[in-house]
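> no letters, just coordinates:
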């Protein structure tokens, strides 16, 4: 079956622009995570959904970051008024309710803010 | 809060050799999972191996095995008979063992190069 997909794969934004990054989890996966991976670093947690409920958003770096998953499937990570420090790869991962320790990752969206 | 430390930013070995990647972590939790993930160049993160903290036996997956030392909070990955396709970034990660999904806490990564 299809894995986690993310779009766009690459995004270049001018500083101050708003961007929206999409994640399509594996069908039937209840849990969905967003991580931010700066160049040469390990991924860092941003936020977590169980179905449509956002249960943890403690990793969002500022109120410019907003995530949603309105129907419990596709999720969108929105960044308003992008800054250069937002440049990173944004990874999405999903997992089954019964195997929450197995997170399947998407290919990521590489965001470059110029 | 949990932290994961990988002290080897880069490693390089010849094909067919054995290589060990180091990882230490800090937690006050008694039950948790530890993982090694592989991230090939321009490709997505995939799980290599998983260890549950309550299990004393070290996990193995074909050429990949771990040395889990709970008291020392150490979790190293051994790759035997290394292959060119093992070239990648390797991340050690920690997850609390709670009901429901939990976030992964990653180390900084080790860039492994397998030379022909």
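The structure has been received and is ready for your questions. Note that this is a predicted model, so its numbers are computed, not measured.
> list the contacts of the residue most central in space within chain B.
In chain B, the residue lying closest to the centroid (C-alpha atoms, centre = their mean) is residue B:36, at 2.8 Å. In this structure, residue B:36 makes contact with B:21, B:23, B:47-49, B:64, B:66, B:75, B:77, B:90-93, judged by C-beta atoms under 8 Å, 6 or more residues apart in numbering or on different chains. No exception for glycine: its C-beta is placed from N, CA and C like everyone else's.
> and the next helix or strand past the helix or strand harbouring it?
Taking DSSP states H and E as the definition, one finds residue B:36 inside strand B:32-39. Using DSSP H and E, the helix or strand that follows strand B:32-39 in sequence is strand B:46-52.
> how about the residues of chain B that lie near chain A?
Within chain B, the residues that sit near chain A (C-beta under 8 Å from any C-beta of the partner chain) are B:4, B:33, B:43-47, B:50, B:91, B:93, B:95, B:97, B:100-109.
> buried ones in stretch A:18-29, by neighbour count?
The neighbour-count check on stretch A:18-29 (16 or more other C-beta atoms under 10 Å in any protein chain shown) flags A:19, A:21, A:23, A:24, A:25, A:26, A:29 as buried.
> for residue A:5, see how far away the first one is.
Spelled out, it's residue A:19. 18 Å (C-beta to C-beta, to the nearest Å).
> before we move on, back to that, PyMOL command to pick out the buried ones of the residues of chain B next to chain A?
In PyMOL, a selection of the buried entries from the residues of chain B next to chain A looks like this (16+ other C-beta under 10 Å):
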select buried, chain B and resi 4+33+44+45+47+50+91+93+95+101+102+103+104+105+106+107+108+109
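> would CSV of the contacts of residue B:36 with pLDDT and distance to residue B:114 be doable?
Formatted as CSV, the contacts of residue B:36 follow (pLDDT from 0 to 100; distance: C-beta to C-beta, whole Å):
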residue, pLDDT, distance to residue B:114
B:21, 98, 12
B:23, 98, 19
B:47, 95, 19
B:48, 97, 14
B:49, 96, 18
B:64, 98, 14
B:66, 98, 19
B:75, 97, 21
B:77, 98, 14
B:90, 98, 12
B:91, 98, 17
B:92, 98, 19
B:93, 97, 22
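> for chain A, state which of those residues is nearest.
Nearest to chain A among the contacts of residue B:36 is residue B:91, at 5.2 Å by C-beta to the nearest C-beta.
> look up phi and psi at that closest one.
Backbone geometry at residue B:91, expressed as degrees, to the nearest 10, gives phi -120, psi 130.
> residue contacts, it?
With C-beta under 8 Å, 6+ apart, residue B:91 has these contacts: A:42, A:43, B:6, B:36, B:37, B:38, B:39, B:45, B:106, B:107, B:109, B:110.
> kindly state the pLDDT recorded for residue A:99?
pLDDT, residue A:99: 79.
> roughly how far apart are it and chain B?
Using C-beta to the nearest C-beta, to the nearest Å, residue A:99 is found at 10 Å from chain B.
> show me what that residue is bridged to.
residue A:96 (DSSP bridges).
> now do stretch B:88-99: distance to the chain's middle.
Its chain's C-alpha centre and that of stretch B:88-99 lie 8 Å apart, by C-alpha atoms, centre = their mean, to the nearest Å.
> close to chain B: what parts of chain A are there?
A:3, A:30-31, A:33, A:35, A:40-45, A:48, A:50, A:56, A:59, A:91, A:93, A:95, A:97, A:100-103, A:105-108.
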